[in-house]
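Chemist: Sharing a model that was predicted from the sequence below.
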Amino acid sequence: MKVSIRRLTNGEGLPLPAYASEGAAGLDLYAALPAGQKLVLEPGARDLIPTGIQIALPEGYEAQLRPRSGLAVEYGVTVLNAPGTIDSDYRGEVKALLINHGGQPFEITRGMRIAQLVVAPVVRAILEEVADLDETARGAGGFGSTGLHGGGEE
Ligand SMILES: O=c1ccn([C@H]2C[C@H](O)[C@@H](COP(=O)(O)OP(=O)(O)OP(=O)(O)O)O2)c(=O)[nH]1
Ligand SMILES: [Mg+2]
């Protein structure tokens, strides 16, 4: 599926987001910080990182801005609002809200691959207000109601 992408001034010279392997689900996004600038995420801190691109998704699609597991496992760095939602009518710069859950400061520089973008179809619901919902075996049970182990008998 074709998705229009536009490079912003801060994205000039950076590669366009790309799939890192043949079967990759996500397009890796690059940090479009000014050249030479180091953005340090202190433990517990968050920051909005520019990616230097704008996209126009076809109607009926969204893009999910997801963490890279390598950054999470190595440094505790993830996307705070994961998955970030890029609406099909959004025309601003795609930005990644990163947070450092690790114990060490994390340094971000221009050109680092900081997150990934997964394009996905969206189902739009037509809400119909009703007086009662149909009954199910689960009912209102949730939040761990089926237990932690085995088939729920424990
Ligand atoms: O990680 C993200 C999440 C969102 N956005 C952009 C695209 C999205 O279409 C827009 C709005 O996002 P969202 O709906 O999650 O934020 P909101 O707090 O509901 O803001 P709004 O009132 O603008 O919808 O912000 C990003 O660039 N990165
Ligand atoms: Mg919104």
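Modeler: Sure thing, it's come through. Numbers count the residues shown, from 1 in each chain. Ligands and ions are numbered 1, 2, ... in the order given.

Chemist: can you pull the buried residues of the biggest strand by length in the chain?
Modeler: Secondary structure of the chain per DSSP state E: the longest strand is strand 113-121. By neighbour count with 16 or more other Cβ atoms under 10 Å, strand 113-121 contains the buried residues 113-117, 119. Where C-beta positions appear, they are placed from N, C-alpha and C, glycine not excepted.

Chemist: Please apply the same query to stretch 47-64.
Modeler: 47, 49-55, 57, 62-64.

Chemist: In contact with the residue in the chain positioned nearest to ligand 1, which residues are there?
Modeler: Going by Cβ to the nearest ligand atom, ligand 1 is nearest to residue 84 of the chain, at 2.2 Å. Taking Cβ atoms under 8 Å, 6 or more residues apart in numbering, we find residue 84 in contact with 64-66, 96-97, 115.

Chemist: What about ligand 1: which of the residues you listed touch it?
Modeler: Subset of the contacts of residue 84 in contact with ligand 1: 65, 97, counting by Cβ under 6 Å from any ligand atom.

Chemist: who's in contact with the nearest residue to residue 82 once chain neighbours are set aside?
Modeler: Nearest in space to residue 82, with sequence neighbours left out and distances taken as Cβ to Cβ, 6 or more residues apart in numbering, is residue 67 at 5.5 Å. By Cβ under 8 Å, 6+ apart, residue 67 lies in contact with 77-79, 82, 115-116.

Chemist: Beta-bridge partners for the residue most central in space within the chain, please?
Modeler: In the chain, the residue lying closest to the centroid (Cα atoms, centre = their mean) is residue 65, at 2.0 Å. Following DSSP bridges, residue 65 is listed with bridge partners residue 84, residue 117.
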